[in-house]
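Colleague: Here is my input; please provide its structure:
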Amino acid sequence: MANHHSALKRARQTVKRTATNRANTSRLRGALRDLRETIEKGDKKTAEQTYRATVSVLDKAIQKGTLHENTASRYKSRLGARVNAMK
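Modeller: Presented below is the predicted three-dimensional model:
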């Protein structure tokens, strides 16, 4: 365990940041899962709405540092292509 004041503070900050990062990651993964499930169901209108919401979550993940910008762009591209390929 940390003994110095600065080390104790860093430990507190780490706990707080870990909780925030875990929440952001969980929100992101949930949104991606919801979109994939919607695509599997085959309803294009609902999939398009879910895609827009997922893109918003991806953009927020970029802002918060949870996801790299290129990774998010790759997700958007692939998921958008899957939505557009629906009948």
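
Colleague: Kindly tell me how buried residue 53 is, as a neighbour count.
Modeller: The local packing of residue 53 (other Cβ atoms under 10 Å) involves 12 other residues. For glycine as for every other residue, the C-beta is placed from the backbone atoms N, C-alpha and C.

Colleague: What residues does the residue lying closest to it once chain neighbours are set aside make contact with?
Modeller: The spatially closest residue to residue 53, leaving aside those adjacent along the chain, is residue 31, at 6.6 Å (Cβ to Cβ, 6 or more residues apart in numbering). Listed by Cβ atoms under 8 Å, 6 or more residues apart in numbering, the contact set of residue 31 reads 53, 54, 57, 58.

Colleague: of these, buried ones?
Modeller: Among the contacts of residue 31, the ones that count as buried by 16 or more other Cβ atoms under 10 Å are 54, 57, 58.

Colleague: Quick check: closest non-adjacent residue to the most centrally placed residue in the chain.
Modeller: Closest to where the C-alpha atoms of the chain average out (Cα atoms, centre = their mean) is residue 28, at 2.3 Å. Among residues not flanking residue 28 along the chain, residue 61 sits closest, at 4.8 Å (Cβ to Cβ, 6+ apart).

Colleague: so the one you found is in which element?
Modeller: helix 44-64 (DSSP states H and E).

Colleague: What is that helix packed up against?
Modeller: Helix 44-64 is packed against helix 5-41, helix 69-84, with contacts defined by 3 or more Cβ pairs under 8 Å, 6 or more residues apart in numbering; DSSP states H and E.

Colleague: And for the last one, what's in contact with it?
Modeller: Taking Cβ under 8 Å, 6+ apart as the criterion, the residues outside helix 69-84 that touch it are 32, 35-36, 39, 44, 47-48, 51, 54-55, 58-59, 61-62.

Colleague: And that helix, what's buried?
Modeller: Within helix 69-84, the residues that qualify as buried by neighbour count (16+ other Cβ under 10 Å) are 72, 75, 79, 83.

Colleague: can you check the longest one too?
Modeller: Judged by neighbour count using 16+ other Cβ under 10 Å, the buried positions of helix 5-41 are 24, 28, 31, 35, 38, 39.
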